[in-house]
Structures are given as structure tokens and as C-alpha cells.
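1. Return atomic coordinates for the entry below.
(one chain, ligands or ions: 2)
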Amino acid sequence: MADEPRAVVGVIGGSGLYKMPYLTDVEEVEINTPFGPPSAPLAIGTLAGVRVAFLPRHGRHHEYHPSRVPARANFWALKAVGVRRVISVSAVGSLREDIHPLDLVVPDQVVDRTVDRPRTFFDTAPVVHVELADPFCPEVRAALITAANSVAPRVHSSGTYLCIEGPQFSTRAESELHRRWGMDLVGMTAMPEVRLAREAELCFGILALVTDYDVWHESAEDVSVAQVIQNLHQNVETAQAVLRAVIPSLAKEPACTCGTALRNAIATAPEAVLPATRERLSLLLGRYLPLEPTG
Ligand SMILES: CSC[C@H]1O[C@H](OP(=O)(O)O)[C@H](O)[C@@H]1O
Ligand SMILES: Nc1ncnc2[nH]cnc12
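-> Ligands and ions are numbered 1, 2, ... in the order given. Next comes the predicted model:
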């Protein structure tokens, strides 16, 4: 990889965010991964002196629906170019009266209701069980909260994001159930991204842009793509401003534990991990399971 463009911060753009216009010296980089191609070539450029890799989650033309986003390839590609911290920008519905459309939220928890997505890089030995009690990087969250408060009037510094499978929006009964469960936001993409970021030992945080009240609110319009897109258009400049504010603070050496998430998570005895697997997954496992088994 020595001659490849490198980056330290990754940005995954969600619905409505298909480009980062403030990057300079942008190069497009095609990355092959053991999990197929990512959603799009990485756009690697510079923002305030920091090298950033941008990837539109659903593809450049929004071709991949939430269940078909190649999330493993996306995180692999970001890791392969050197990224250590990833920010995801996501459109979400609000499940709470006081979280209004156009508000920003930096979630601190996730509940996974997806049923049809690969959720691990490690399908064959080694068996890996990473911790996920606190699913987001505390440093990325803190930086996002500070940056969001510097540019937007209404920012919520915590919230639980419920991830549905989609691609359909929720029924009214589901929306009411999600509210009774105490969920704050609903979306379709936080999972398996949170899981994969942790398995790839990447710091991860979500900047959630609220676009609607889903379908539970008696006086608000039911969610639709048109409503989401309209509110996203109003919010996309704010999102770009948050990115410009947050990225400079993410270039320093992380002091969190995200970068060592696999250290105590590999359950399989090293001698039971095939050389072919060590080689295929060396980007993720190389530090723990070198190509040549020792002892
Ligand atoms: C276009 S509305 C539904 C769509 O928007 C959200 O995507 P993202 O998180 O990538 O912004 C939601 O999760 C759905 O995928
Ligand atoms: N209400 C909603 N449900 C699921 N995903 C969404 N993305 C934006 N609004 C949403």
C-alpha cells in the first residue's frame, strides 16, 4: 500500500450526502476487499490539513438499499487506506416529541432489529466476540457533540438509535412499539456498521440528522422519501459544517480503547486458525494471528 493515498479519518455519507465538496486534492481510489467492492470508490482528499476518505454508503447514485449496502467491504476499504476514526452521517426519524425534524443527534446507544445482513468479518475460525456495551467511540462522540453545538441550534448529545431492516418504513404499530420501548431514533443503517467498526478496531460515531417524526405523530405528516429528502436538503449544509468543524479534532492519536478491541476477543486457539484465513484477514487479524504461527 506504500504508494496508495492514505487517510486518517473516514466519513460515510448517508442519504442526501453523496459528496464532500470541501475536500481538496481529491483522488478516487478503487479498493478490492475480500468482501467484494465497497459502495463506491473512496474519495480521498484533504480538509484543514487532515487526510479524509469519503464513501457514500448507498453508492454515488443511491443504488444500494439498506440491506444490500456492502458494509464489510466499506469498513475494510477505510481500514485499508489507514483510517482510524469513522464518522457516519445518517438520516433518522424521531420517536420523541422533543427531538424535532432538523435537529442533530449524536446517539450513544443502538438497538438492532435487522434480520438480513452479514454482521461479522469472522464467519469462519477464528470466533471473535468483541465488546459492544458502549457501541460508540467516546472521543468521536465528544468531538461530534462539540462540533455540532458550534454550528447548529438544536443538538441532542445522546439517544438510542433503533435500526430496522427496511427498506420499507415502519408500520404505525411498530412505530408505537418502538416508542414504548423507549427508543429515540429510527433508521436503517447503524447496524451492522457499529459491529463492524468495532471488529475492525475503528473508532466510530454517528451524526444523525432528524428528518421526520416517523409515523406515530398525530399532527405531523407520515414519513416519506420526499419528506426525508426535503429536510435533508435543508440540513445538508449543517452536516457539512459539522464535518468541517469536527475533522481537525480527529487527527490526533486516539486515547480510547477502540483500537485494541480484538485483543481479548478471539476465542479460537491460534493453532486452529488456518493459514489461508490469517492471510485473507491479515488487515484485521495480523497483529494477533501472524501469518507464520509462532510456537
Ligand atoms: C431515504 S430515506 C431512508 C433511508 O435514509 C436513511 O439512510 P442513511 O442512514 O444512510 O442516511 C435510512 O437509514 C434509510 O436507509
Ligand atoms: N422514519 C424513518 N424510518 C427509518 N429510516 C429513516 N430514515 C429517515 N427517517 C426514517
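2. Check the burial of A197 by counting its neighbours.
-> 29 (other C-beta atoms under 10 Å). In this view, the C-beta of every residue, glycine as well, is placed from N, C-alpha and C.
3. Quick one: residues contacting whatever residue of the stretch 1-150 of the chain ends up closest to ligand 1.
-> Residue of the stretch 1-150 of the chain nearest ligand 1, by C-beta to the nearest ligand atom: G14 (2.4 Å). Contact analysis of G14 by C-beta atoms under 8 Å, 6 or more residues apart in numbering lists 57-58, 88-91, 189.
4. again, 6 Å this time
-> 57, 89-91 (C-beta atoms under 6 Å, 6 or more residues apart in numbering).
5. Could you do L47 as well?
-> So, once contact is read as C-beta under 6 Å, 6+ apart, L47 ends up touching 22-23, 247.
6. Any chance of those in JSON lines with distance to ligand 1, neighbour count and secondary structure as columns?
-> As requested, these are exported to JSON lines (distance: C-beta to the nearest ligand atom, whole Å; neighbours: other C-beta atoms under 10 Å; DSSP: H, G, I helix; E, B strand; the rest coil):
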{"residue": "Y22", "distance to ligand 1": "19", "neighbour count": "15", "secondary structure": "coil"}
{"residue": "L23", "distance to ligand 1": "19", "neighbour count": "21", "secondary structure": "coil"}
{"residue": "I247", "distance to ligand 1": "19", "neighbour count": "26", "secondary structure": "helix"}
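7. Quickly name whichever of these is closest to I229.
-> Nearest to I229 out of these is Y22 (C-beta to C-beta; 21.6 Å).
8. and the residue most central in space within the chain, backbone torsions?
-> Centroid-nearest residue in the chain, with C-alpha atoms, centre = their mean: S88, separated by 4.0 Å. Per-residue torsions, S88: phi -110, psi 130 (degrees, to the nearest 10).
9. can I assume it is in contact with G205?
-> No - counting by C-beta atoms under 6 Å, S88 stays clear of G205, with 7.3 Å between them.
10. end to end, how far does stretch 241-257 reach?
-> 28 Å (C-alpha to C-alpha, to the nearest Å).
11. quick check, distance from that stretch to the centre of its chain.
-> Mean-position distance between stretch 241-257 and its chain equals 15 Å (C-alpha atoms, centre = their mean, to the nearest Å).
12. Which secondary structure elements does the helix or strand bottoming out on mean pLDDT in the chain sit against?
-> Every helix and strand of the chain was ranked by mean pLDDT, DSSP states H and E. The lowest is helix 225-246, at a mean of 93. Counting by 3 or more C-beta pairs under 6 Å, 6 or more residues apart in numbering; DSSP states H and E, the packing neighbours recorded for helix 225-246 are strand 85-94, helix 138-151, strand 203-212.
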